[in-house]
Every structure is written in C-alpha cells, then in structure tokens.
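>>> Here's my sequence, what's the structure:
(one chain, ligands or ions: 2)
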Amino acid sequence: MARMRWRAAGSVAGALVSLGGTAMGQPCSASWSGAIGSPGLGDGYAGPMYNRVEGGVAVLYVGGSYTRIGGLATRGVARWNPATGVWSAVGGGCYSTFSNSFSAAITGYDFGAGPELVVGGGFSTAGGELDTINLARWDGSSWSGMPGGQPDGAVWAMQEWNGRLYVGGGFTTIGGIAASGIASYSAAEGWRPLGAGMGAGFSPAVFALKVFDDGTGEKLYAGGRFDSIGGVSGFIARWTGSAWQQIGMGVRGAVTFSGIEAIGVHEGKLYAGGWDLRPNGTGGTSSVVMWSGSTWSRAGQYLGGRTTSLLSWDDGSGARLYAGGTAQPNTAQLARLEGTVWVTVDGGMTEPALPPATFPSVFGLFVLGDDLVVGGSFTQAGATPASGLVIRAACVRCAADFNGDGVVDFADFLAFLNLYDAQDPRADLNGDGVVDFADYLEFLNLYDAGC
Ligand SMILES: [Ca+2]
Ligand SMILES: [Ca+2]
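Ligands and ions are numbered 1, 2, ... in the order given. Here you go, the predicted structure:
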C-alpha cells in the first residue's frame, strides 16, 4: 500500500513543484491592531469585557470608568461592533452624577425573559433608571434593577454557575439580605448569602470568581482582599454549592493592601494574581500563584505593582498565560508566562507622552474570536498608538505551511509526505480518520491556494 501511495505521490509532487513559486507566506507572528483604541477612551480606563452574538456578529461590550469612548459621550459601558468598528451607547451607560463611577464586571444571565446583559460596578444608576445602583440588567432596549433587589456596595465580579448568578464585591447586604461580599441569585430563591461570606480587612471585597475543577469536582473559587472567606483564613476559598472549602494552605498577603484581584485557568491549573501574595501563607512575595491541586506555588518572577487580569490565550504559537497589571514597569503592564519567566508582550502598555509618575495600566483581558483584547489606561501598545484599548491579533497559521516555518515551499510538501507515508494522523487533512489519497488532494489544494 505504501508503495502505491509513493507512486501517486510522485505525480502529485510534480504538480506541486510547478506551483511552488506562487505559494510564499509571511512569518507567523501576532501583532498589535490599534483600530479599537483610535480614538478609544477619552478618559478613565477600560476593564471588564463580554461578548455575545447579536444579528450574526459577535459584538463586544466594554466597561470601565470612562465618560467618552470611540468619540461617543457615554459612561461605564458601551458596545463595539468588530465587523464595522462602530461604537454604540448602551442606554446611556452606568454612572454616578455626584462621584467617580465605574463598571467592573459584565456577564449574561437569563432572568426568565431571555438572555440579558448584566453589569456590576460602583455606580448610582444605569441609564438614569431608579433602583439600578451597582448592579443592573439591559434587555437590549432598557435598563432595570435586579428582581431580588440591589447590593449596598460595589460589585467586582460575576459568574453564572448551575443556573445561579454569583456576584462578588464590597457589599454587606443585597436585596436587603445580609451577605458579606458574595451572594447568588436564582428566580426560584432570589438572593442567597454564601455562608458567612468574607471577613474583615482593608476595604474588603471579593474581586474574582471562577468555576474550576482541580480533579475534586467543579467548584466556585472566590478570591479577594479580606482576612477570611466562608470561615477559611486567607484570600481564597471555594464554594461547593452548599459549603466552603479550604484550598490547600491558602494564599495570604505580604502587605496591608495585599489581595487577590484576578483568577485564571491555564492548561488545567488555577492561577491567582494580585498585590504581593504569599503562596501557602509563607512562600516568597509573588504577583501570581498557582494551585497544582495539592499545593500553592509562585508562578514566574515577582512583578511588583498589582496583577489585575489573568487569561489563557493562544497567539498562534501555542497557549500561554497572560497577565495584565498596573505599576509593573519591568514587564510594561502586560506579560506572558514562558516556562517560569514572565516576558513582556511586544513592548507592552505605555504612556510615553505622560509624566513618569502616571501609571499605565491593564485592567482587563478578553479573548474575542482568535484575538486578545487588552483594556486599561494607556496610550500606546508597543509602538502602536491606542487609547485604553488594543487588540493583539493572533497569527492565523496557514494550513499549507505544514512545517510551521512561516513560508509555504517544497519543504512543506516533504514534511507532509513523511507524515503521509508513516500514516501519521497529522496527515489526515480532511479529518475523516483515514490517511489516504483524498488527503493528498486536500494538501494540493491548500498548497495551490497559498496563504
Ligand atoms: Ca513551511
Ligand atoms: Ca483523510
């Protein structure tokens, strides 16, 4: 059989050689795309993001503390259409008229009348509607408050899990029910506290929520700045749905302001980032720590400042953990973990025109399609001008560049041929589970099309 395929290959190879000159590609690397940040933010910062399909387009919602975005006068939350690059207001946004305001969490939830957008933060009203303080829902045409009532302090994190909407923040009551920093909502039961919630601390708040399974079953991980949560000492614990559990020896702080501000999952491990953390309560001062399933350890070198965002993303060269932060000049506010070292992402986030005392910042990371959206307060990404928002565009690998060196040439045909001859599943280009002549034709078509 192999011999027969070689003969077939010979004739195909002849055709490929004659096509070879037309199929040159470019080296594959991610790049900055500044359109979303031009003009971008007029002031303040961007942070939380969320996307959903509307009219066939995966639109992006961006929150933060701004009063102008994309040339539009609107506050706290706005909508961006990636297909047209056009910004639109979301019913006037979320804001306060008497103080600073911000949104910090955006998600979707179905309260019973179809999917709605839910926005949490520190604001007095959404769209000027009554009873929308700190947490509001947008049905596509108007804002309203929560069916079970409002939180009495800021909301910093939201996560839907098993049909319930979990909300974390700095509140002490929600809908009039005592709930220290964390609560969940369902239509059947309204708001419910999660046990004792968070304990005391310096301006205590739950900043991060994440559903994760470390092998012991799916649970809700909650991190923040407090001396305990659910009776568990330190900055993090997990909720089983009915009880709190300690996670190993936990995570504590090195300074008064320490706390967890971000939780991310990458390659089956849970990571927590924040301000001067100490894994197991005793480990060295860390910006990001990792839960192995049995113990906490530091992830990468100490970055200083505060790590505000953690996200796994594949820029085309493989998935990596990305960390955004503020006051982290050594990594220019945006780094990715390569082995045990945080490496600055292509120049990172800077504000070269502003005095050095101002801190460029990243407050949100979000994967939109193949790309990474970075939100914060900055004027430049690498050498690309961008005000508070920028896209890190993934390299899209050309299928005909079979050996992945960025160029489509005869070496790719040889690479394919070797795998084909070995009946390697990677040569099953049409994905039908069999390596056969149809895959040869598939390769020929890709090669002919070039990149
Ligand atoms: Ca190649
Ligand atoms: Ca096949």
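>>> what lines up beside whatever helix or strand Phe212 lives in in the sheet?
Here Phe212 sits within strand 205-213, counting by DSSP states H and E. As defined by DSSP bridges, the strand partners of strand 205-213 come to strand 218-225 (antiparallel).
>>> Which parts of stretch 205-222 count as buried, going by neighbours?
205-212, 214, 219-222 (16 or more other C-beta atoms under 10 Å). For glycine as for every other residue, the C-beta is placed from the backbone atoms N, C-alpha and C.
>>> Which of the three states applies to Glu442?
Glu442 falls in the helix class when you classify it by DSSP: H, G, I helix; E, B strand; the rest coil.
>>> partners of the nearest residue to Val367 once chain neighbours are set aside in the sheet?
Spatially, and ignoring its direct neighbours in sequence, Val367 is nearest to Trp313 (5.5 Å; C-beta to C-beta, 6 or more residues apart in numbering). With DSSP bridges applied, Trp313 shows beta-bridge pairing to Arg320.
>>> Distance of Trp313 relative to ligand 2?
Taking C-beta to the ion, to the nearest Å as the measure, Trp313 falls 30 Å from ligand 2.
>>> burial count for that residue?
Using other C-beta atoms under 10 Å, Trp313 has 19 other residues around it.
>>> go on, Arg225?
Neighbourhood size, Arg225 [other C-beta under 10 Å]: 25.
>>> who's in contact with the residue lying closest to it once chain neighbours are set aside?
Closest residue in space to Arg225, ignoring its immediate chain neighbours: Gly259 at 2.7 Å, by C-beta to C-beta, 6+ apart. Gly259 makes contact with Gly201, Ala205, Phe207, Gly223, Gly224, Arg225, Phe226, Phe235, Gly253, Gly274, Trp275, according to C-beta atoms under 8 Å, 6 or more residues apart in numbering.
>>> Among the buried residues of stretch 205-222, which pair sits farthest apart?
Spanning the widest gap among these are Ala205 and Asp214, at 24.3 Å by C-beta to C-beta.
>>> Let me see the ranges of the strands in the stretch 301-450 of the chain.
306-314, 319-326, 334-338, 341-344, 349-350, 361-368, 371-377, 380-381, 384-385, 389-393 (DSSP state E, counting those that start in this stretch).
>>> Of all the strand elements in the protein, which one is longest?
In the chain, taking DSSP state E as the definition, the longest strand is strand 269-279.
>>> got JSON lines for the strands of the stretch 301-450 of the chain, with mean pLDDT too?
As requested, those are exported to JSON lines (pLDDT from 0 to 100):
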{"stretch": "strand 306-314", "mean pLDDT": "97"}
{"stretch": "strand 319-326", "mean pLDDT": "97"}
{"stretch": "strand 334-338", "mean pLDDT": "98"}
{"stretch": "strand 341-344", "mean pLDDT": "98"}
{"stretch": "strand 349-350", "mean pLDDT": "95"}
{"stretch": "strand 361-368", "mean pLDDT": "98"}
{"stretch": "strand 371-377", "mean pLDDT": "98"}
{"stretch": "strand 380-381", "mean pLDDT": "97"}
{"stretch": "strand 384-385", "mean pLDDT": "96"}
{"stretch": "strand 389-393", "mean pLDDT": "98"}
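>>> Just send these back as TSV, with distance to Phe413 too.
Below are the strands of the stretch 301-450 of the chain laid out as TSV (distance: least, C-beta to C-beta, whole Å):
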stretch	distance to Phe413
strand 306-314	26
strand 319-326	29
strand 334-338	32
strand 341-344	34
strand 349-350	42
strand 361-368	34
strand 371-377	31
strand 380-381	38
strand 384-385	36
strand 389-393	29
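>>> Can I get stretch 131-140 in CSV, CA atoms only?
Taking Å, rounded to 0.1, in the frame of the first residue of the first chain, the C-alpha atoms of stretch 131-140 are listed here in CSV:
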residue,chain,number,x,y,z
ASP,A,131,-33.2,51.2,41.7
THR,A,132,-30.2,50.2,39.5
ILE,A,133,-27.4,51.1,41.9
ASN,A,134,-24.2,49.0,41.5
LEU,A,135,-25.9,46.2,39.5
ALA,A,136,-28.2,46.4,36.5
ARG,A,137,-29.6,44.5,33.6
TRP,A,138,-30.0,45.5,30.0
ASP,A,139,-32.6,43.7,27.9
GLY,A,140,-31.5,45.2,24.6
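>>> for that stretch, what is the average pLDDT?
Averaged over stretch 131-140, pLDDT sits at 98.
>>> Return the set of buried residues in it.
For stretch 131-140, burial by neighbour count (16+ other C-beta under 10 Å) applies to Thr132, Ile133, Asn134, Leu135, Ala136, Arg137, Trp138.
>>> Check stretch 379-395 too.
Here stretch 379-395 shows 379-382, 384-395 as buried, counting by 16+ other C-beta under 10 Å.
>>> Can you name the residues that contact the closest residue to Gln328 other than its chain neighbours?
Spatially, and ignoring its direct neighbours in sequence, Gln328 is nearest to Gly305 (4.1 Å; C-beta to C-beta, 6+ apart). For Gly305, the contacting residues are Trp275, Ser287, Gly325, Thr326, Ala327, Gln328, Pro329, Phe359, by C-beta under 8 Å, 6+ apart.
>>> make it 10 Å
275-276, 287, 325-331, 333, 359, 361 (C-beta atoms under 10 Å, 6 or more residues apart in numbering).
>>> how much space between it and Leu321?
Separation of Gly305 from Leu321 (C-beta to C-beta, to the nearest Å) stands at 17 Å.
>>> go on, Ala400?
Ala400 is 30 Å from Leu321, by C-beta to C-beta.
>>> try Arg392
Counting by C-beta to C-beta, the gap from Arg392 to Leu321 is 14 Å.
>>> and if you look at Val53?
Distance of Val53 to Leu321, given as C-beta to C-beta: 27 Å.
>>> Quick check, central residue of the protein?
Note on the chain: the residue nearest the mean C-alpha position is Phe366, at 3.5 Å, using C-alpha atoms, centre = their mean.
>>> who touches Tyr50 in this structure?
By C-beta under 10 Å, 6+ apart, the contact list for Tyr50 reads 59-63, 77, 105-108, 117-119, 158, 366.
>>> Name whatever forms a beta bridge with the closest residue to ligand 2 within the stretch 101-250 of the chain.
Of all residues in the stretch 101-250 of the chain, Asp213 sits closest to ligand 2, at 33.9 Å by C-beta to the ion. Beta-bridge partners for Asp213, by DSSP bridges, are Glu218.
>>> list the contacts for it?
Lys219, Val265, Gly268, Leu270, Gly293.
>>> Nothing else from me, thank you.
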